[in-house]
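Quick one, structure for this:
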Amino acid sequence: MDRALLDRMAALHEESFGWALACADRDRRDAEDVLQAVYLKVLEGRARYDGRASLKTWLFAVIRRTASEHRRLALVRRLRLVPLDEGAHEPSSAPAPDEDAEARERGERLARALGRLPRRQREVLVLVFYHGHSVEEAAVVLGIGVGSARTHYARGKERLGKLLGGDL
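Below is the predicted model of the structure:
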C-alpha cells in the first residue's frame, strides 16, 4: 500500500466521516462501521484508487457503495428477524456546546428539510454544499450521469427552497 496515498486519505478523514454520516442517515455508529469497512477495503486491496478521479471523489464513491451494502445487509437481517443490538441506531444529533440556540435551530430545520428530499437529491446537495464537490464530481461519487446529477441538484435546490420557505 502506497504510504503517500494513505497520508492523503488520512487528511480526508474528517470529511470522509461527514459523508459516511450522511450516507448512514445521520447514524453515528453506522457511519463509523461504514468508514472502518472502507478503510479495510483499501488496505486489503479490494478498493483500489486508479487516478481517474480525484482521491476525494473516489473515496466518497467507495463510502457511498459501502454504506449501501451496509443498508442492504441490515435489511436482510431484519427480514430474517435477527434481533439487532438495542441502541445500535442512536442518531448523532448532539450539537456542539458552543453553538447558540438560533444557529442550532436553523441547522435542525435544514436537516429536517434535507431529510424530506428524495435520497438522490439529498446526496447530490450534501456532496456539493457540505463536501465541496462539483456537480460533475458528485455524479462520479453517485455513479450516475452528469445530466442526471444536474437534474437532481436543480430539483433538490428548488424543493429545499420551498421546504424552508426562504427561512435560512
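
helices or strands up against the helix or strand bottoming out on mean pLDDT in the chain?
Every helix and strand in the chain was compared by mean pLDDT, DSSP states H and E; the lowest is helix 101-116, with a mean of 83. If contacts are counted by 3 or more C-beta pairs under 8 Å, 6 or more residues apart in numbering; DSSP states H and E, helix 101-116 sits against helix 119-125, helix 146-164. For every residue, glycine as well, the C-beta is placed using N, CA and C.

6 Å instead?
helix 146-164 (3 or more C-beta pairs under 6 Å, 6 or more residues apart in numbering; DSSP states H and E).

Between helix 101-116 and the helix it packs on, find me the angle.
For helix 146-164 against helix 101-116, the angle by axes from the mean of the first three to the mean of the last three C-alpha atoms, to 10 degrees is 130 degrees.

residues of helix 146-164 that come out buried?
149, 151, 152, 153, 155, 156, 157, 159, 160, 163 (16 or more other C-beta atoms under 10 Å).

quick one on the thing from earlier: return the distance of the least confident helix or strand of the chain from the chain's centre.
Taking C-alpha atoms, centre = their mean, to the nearest Å, one finds helix 101-116 lying 17 Å from the centre of the chain it belongs to.

Break the protein into its domains for me.
Domain ranges of the chain: 1-92, 100-168, per automatic domain parsing.

so where's the protein shaky on pLDDT?
Residue ranges of the chain with pLDDT under 70: 1, 76-100, 166-168.

Now do the helices in it.
Here the chain has its helices, by DSSP state H, at 3-11, 13-23, 28-44, 55-79, 101-116, 119-125, 135-142, 146-164.

related to what we said a few turns ago, pick the one among the buried residues of helix 146-164 closest to residue 52.
Taking C-beta to C-beta as the measure, residue 52 lies nearest residue 149 of these, at 16.9 Å.
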